[in-house]
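In: Next input, structure requested:
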Amino acid sequence: MALVVNPVKVPDADAVVARARLRAALAGAPPPLRFDTTVDDPGTGQARDALATGADVVLACGGDGTVTACARALAGSDAALAVLPRGTGNLLARNLGVPLDTDGALDVAFGPARRRVDVLDAGDRQFLVMAGVGFDAALVRETDEEAKGRFGWLAYVLAAGRALRSASRRRFHVTVDGVHTVRAAAVGALVGNVGTLRGGMTLFPDARPDDGLLDVLVFAPRGATQWLSVAWHGLRGRAHRSPHAQTLRGREVRIVLDDPLPVEFDGDHVGEVTELTVRVRPRALRLCAPPPGARPEVSPRPWGPGILPHPALGPEVARVTPPEQQRRSG
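Out: So this is what the prediction gives:
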């Protein structure tokens, strides 16, 4: 096993790695190496380096962005991705039943349960959860990182007013599998691999991460009343039944816009587009996750809640220094 750690999202990284080291020692496995992400590389290069060391499991410690970056390196390989969720949304973990606490996530990572999930491909960008064009991406763009750290997913609610001011209706031309087409003046479109978003809002109740299908929602509310209607349907898991939204399913989605709109992938705003094509790579990623509907088994733990493993139980935590730091220190 190797750990790819986002030190911004995981301020107690040393303690987390110490726990993982102890778990490996108890299992008779080699101590996992640690690879830290950087501003320039949020995890893809580190996951590739982990594969080069022979790691059969790469544990992504961070938010959805870290998880997605690692998945880009692991997709199509025999290595498994494990998740230690420390972000604001933790959407993949929530949708797949991975515990949000450190010990619970380590139980899954070191346990036997594996499943294969789809990877979504948008040209040179691969992702796992959802892409958004329009309002959703504007919401991500307007949400302050410091506010996310202080308030969690409520930070998105605080940013909603700013996003709404830029959410004017634009012409969307959405085609699924080259056949099913929606032409609408809308404020946004979402392409998802799972169903539940931030704050527990369910947009795609029938979405499955391993069904080889994309779920698409085009939403076009006008005024406060219709926005509240869309939100109410979403909170009840019935966004697809909203009179102000249309849903489609398929293996390839093409979105064409008359004007550029912001776009986000798995919670990361990456700029603006006038066209977006998303395809599904069925079951391309091996993942450490409990089977659908199952509760993960809890392995014995030699420490109590909040108690760190004693240093005498293992050598100093291994860390891999990024090459650029090695050059600066050398």
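In: for stretch 128-143, the distance to its chain's centre please.
Out: With Cα atoms, centre = their mean, to the nearest Å as the basis, stretch 128-143 stands 13 Å off its chain's centre.
In: From one end of that stretch to the other, what's the distance?
Out: Stretch 128-143 has its terminal residues 21 Å apart, counting by Cα to Cα, to the nearest Å.
In: One more: stretch 126-136?
Out: Using Cα to Cα, the span of stretch 126-136 from its first residue to its last is 18 Å.
In: All further residue positions should be reported with the first residue as 684.
Out: In the new count, where the first residue is 684, that last one comes out as stretch 809-819.
In: starting at the chain centroid, how far to it?
Out: Offset of stretch 809-819 from its chain centre (Cα atoms, centre = their mean): 10 Å.
In: could you say which helix or strand contains Ala730?
Out: Per DSSP states H and E: Ala730 is located in helix 727-735.
In: quick one: buried residues of that helix?
Out: Going by neighbour count (16 or more other Cβ atoms under 10 Å), the buried part of helix 727-735 is 727-734. Backbone N, C-alpha and C define where each C-beta goes, glycine included.
In: Paired strands for the next helix or strand after that helix, with orientation please.
Out: Next along the chain after helix 727-735, taking DSSP H and E as the criterion, comes strand 740-745. Take DSSP bridges as the rule and strand 740-745 pairs in its sheet with strand 685-688 (parallel), strand 763-768 (parallel).
In: Dump the ones you listed to JSON lines, plus mean pLDDT.
Out: Below are the strands paired with strand 740-745 laid out as JSON lines (pLDDT from 0 to 100):
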{"stretch": "strand 685-688", "mean pLDDT": "98"}
{"stretch": "strand 763-768", "mean pLDDT": "97"}
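In: I'd like those as JSON lines, with distance to Ala872 and mean neighbour count appended.
Out: What follows is the strands paired with strand 740-745, written out as JSON lines (distance: least, Cβ to Cβ, whole Å; neighbours: other Cβ atoms under 10 Å):
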{"stretch": "strand 685-688", "distance to Ala872": "31", "mean neighbour count": "28"}
{"stretch": "strand 763-768", "distance to Ala872": "26", "mean neighbour count": "27"}
